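*Asks:* Requesting a structural model of the entry that follows:
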Amino acid sequence: MASRGPSLPRITDVAALAGVSTSTASKALNDTGQLREETRERVRRAAEQLGFTPDSRGRALSSGRSYTVGLITTDSSGRFSIPIMLGAEDALSAGEMALVLCDTRDDPLREQHYLRSLVSRRVDGIIVTGRRTEPREPIDVPIPVVYAFSPSTDPADTSVIVDDHGGASSAVQHLLSLGRRRIAHITGPASHRSALSRAAATVESAGDALVGEPMHGEWSERWGRHAVDVLLRSGTEVDAISCGSDQIARGVCDRLRELGRSVPDDLAVTGYDNWSVMALASRPPLTTVDLELEELGRHTAQLLLEAIAGSPHRGLVELPTRLVTRESTLGT
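*Replies:* Numbering: from 1, shown residues only. Alright, predicted model coming up:
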């Protein structure tokens with residue numbers, strides 16, 4: 001007859017080792033009740049020594065929380081939502097919380113279905129994000145909510161966004177520091193807030209070094225290639241092109257190479273987003289602006305945890321970007 005392995009430690013074993021009652025041990029491990037910090041610490045040490053892992057269902061019942069957070073997104077491709085989710089998970093995992101991802105596919109009915117489902121599952125809070133930076137209508141739920149990347153139209157809500165103006169400005173300042181004095185700007189649709197914000201920052205930062213008006217088109221390599229043809233056919237002298245996205249910048253670099261123009265010897269090129277699929281595969285690799293989306297996700301989750309704990313932060317939080325320099329401006 002096979003012998004049984006050692007039994008798993010129970011809460012009663014932890015209580016006995018810590019010299020407290022079972023209810024006190026439970027409160028200490030679930031961070032509830034009015035206990036002295038030294039008592040909580042003694043119980044935690046006992047649990048660690050015994051290898052005791054609290055049961056998540058019991059933890060939820062005793063605290064009145066599910067230790068689960070929902071993430072609602074309209075970004076089906078995951079281009080923006082996945083790094084935000086990864087950052088949020090980093091912050092939430094410290095509190096042993098799980099995250100549930102819900103993709104609405106830009107469908108208002110699907111979003112309402114997911115919201116009802118998350119509330120019925122008693123999630124502790126919700127993070128709302130998307131693929132565009134335009135403000136969106138707030139959701140109506142009886143639990144804490146924080147908006148990431150796509151802010152709420154309600155100034156009383158908590159929203160965490162990227163400093164697009166500062167990011168575009170840093171790219172232009174980099175070009176100016178390299179002695180570039182004839183800078184063109186090629187970016188996305190004029191109907192997109194991010195394109196307008198980045199274009200406005202470029203105009204402001206470049207000053208007299210800006211060549212012509214910002215050129216608006218689609219977020220694509222095809223537009224980048226076409227914009228180069230339009231720009232060079234105009235006969236305007238250019239020694240640098242700042243782009244509103246890495247996709248556009250990669251198209252710009254491809255077309256310049258086809259035309260025999262060297263990057264960065266003849267023209268320096270900057271992108272925006274630091275999307276590795278584009279920025280590193282470009283020839284040459286792109287100097288670009290990193291949106292720091294994982295950090296945005298971490299900050300958002302931390303604000304949500306504070307709101308869940310009863311200390312919400314109201315209003316808009318703007319986080320800085322980071323300039324990443326590579327061969328498209330610095331050469332080899």
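
*Asks:* Phi, psi for I186 please.
*Replies:* Backbone torsions of I186, given as degrees, to the nearest 10, read phi -120, psi 130.

*Asks:* what do you get for D266?
*Replies:* phi -90, psi -50.

*Asks:* partner strands of the helix or strand Y147 falls within, parallel or antiparallel?
*Replies:* According to DSSP states H and E, Y147 maps onto strand 145-148. Within its sheet, strand 145-148 is paired with strand 125-129 (parallel), strand 158-162 (parallel), according to DSSP bridges.

*Asks:* Compare these and report which one is nearest to D254.
*Replies:* With Cβ to Cβ, the closest approach to D254 among the strands paired with strand 145-148 belongs to strand 158-162: 26.9 Å. (Glycine included, C-beta is placed from N, CA and C.)

*Asks:* Run the chain-centre distance for the closest one.
*Replies:* 10 Å (Cα atoms, centre = their mean, to the nearest Å).

*Asks:* can I have that strand written out in PDB, keeping just the CAs?
*Replies:* Presented in PDB, the C-alpha positions along strand 158-162 are these (Å, rounded to 0.1, in the frame of the first residue of the first chain):
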ATOM      1  CA  THR A 158      -9.300  59.200 -13.100                       C
ATOM      2  CA  SER A 159      -7.500  59.100 -16.500                       C
ATOM      3  CA  VAL A 160      -3.800  58.300 -17.300                       C
ATOM      4  CA  ILE A 161      -2.500  59.500 -20.700                       C
ATOM      5  CA  VAL A 162       0.700  59.900 -22.600                       C
END
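
*Asks:* hang on, the earlier thing: not counting its own residues, what contacts the strand holding Y147?
*Replies:* Judged by Cβ atoms under 8 Å, 6 or more residues apart in numbering, the contacts made with strand 145-148 from elsewhere in the structure are 84, 88, 125-129, 136, 138-139, 157-160, 296-297, 300-301, 303-304, 307.

*Asks:* 6 Å instead?
*Replies:* 84, 126-129, 158-160, 296, 300, 303-304 (Cβ atoms under 6 Å, 6 or more residues apart in numbering).

*Asks:* from these, which would you call buried?
*Replies:* In terms of neighbour count (16 or more other Cβ atoms under 10 Å), the buried residues within the contacts of strand 145-148 are 84, 126-129, 158-160, 296, 300, 303-304.

*Asks:* got CSV for the contacts of strand 145-148, with distance to G207 too?
*Replies:* Below are the contacts of strand 145-148 laid out as CSV (distance: Cβ to Cβ, whole Å):
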residue, distance to G207
I84, 34
I126, 43
I127, 39
V128, 38
T129, 35
T158, 36
S159, 31
V160, 31
L296, 30
T300, 35
L303, 37
L304, 41
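
*Asks:* Of those, which is the nearest to P284?
*Replies:* Sorting the contacts of strand 145-148 by distance to P284 puts L296 at the head of the list, at 28.0 Å, by Cβ to Cβ.

*Asks:* ok, then the element right after the host helix or strand of that closest one?
*Replies:* Secondary structure here is read from DSSP H and E; on that basis L296 sits in helix 293-308. Scanning the chain past helix 293-308 towards its C-terminal end, the next helix or strand to appear is strand 315-319 (assignment: DSSP H and E).

*Asks:* Partner strands of the following helix or strand past that following strand, with direction?
*Replies:* Downstream of strand 315-319, the next assigned helix or strand under DSSP H and E is strand 322-324. Strand pairing for strand 322-324, using DSSP bridges, gives strand 288-290 (antiparallel).

*Asks:* so where do the strands sit in the stretch 101-250 of the chain?
*Replies:* Counting by DSSP state E, counting those that start in this stretch, the stretch 101-250 of the chain forms strands over residues 125-129, 145-148, 158-162, 183-187, 215-216, 240-243, given from the N-terminal end onward.

*Asks:* For this protein, which segments count as helices?
*Replies:* 11-18, 22-30, 37-50, 56-63, 81-93, 108-120, 164-177, 193-206, 221-233, 246-258, 276-279, 293-308, 327-330 (DSSP state H).

*Asks:* tell me the domain boundaries of this protein?
*Replies:* The chain breaks down into these structural domains: 11-53, 66-162+293-320, 164-291+324-330 (assignment by automatic domain parsing).

*Asks:* what's the most distant pair in the contacts of strand 145-148?
*Replies:* Considering Cβ to Cβ, no two members of these lie farther apart than I126 and L296, which are separated by 16.2 Å.

*Asks:* How far off centre is stretch 204-213?
*Replies:* Using Cα atoms, centre = their mean, we find the averaged C-alpha position of stretch 204-213 to lie 30 Å away from the chain's own average C-alpha position.

*Asks:* that older thread, what is the rounded mean pLDDT of the strand holding Y147?
*Replies:* In this model, strand 145-148 has a mean pLDDT of 98.
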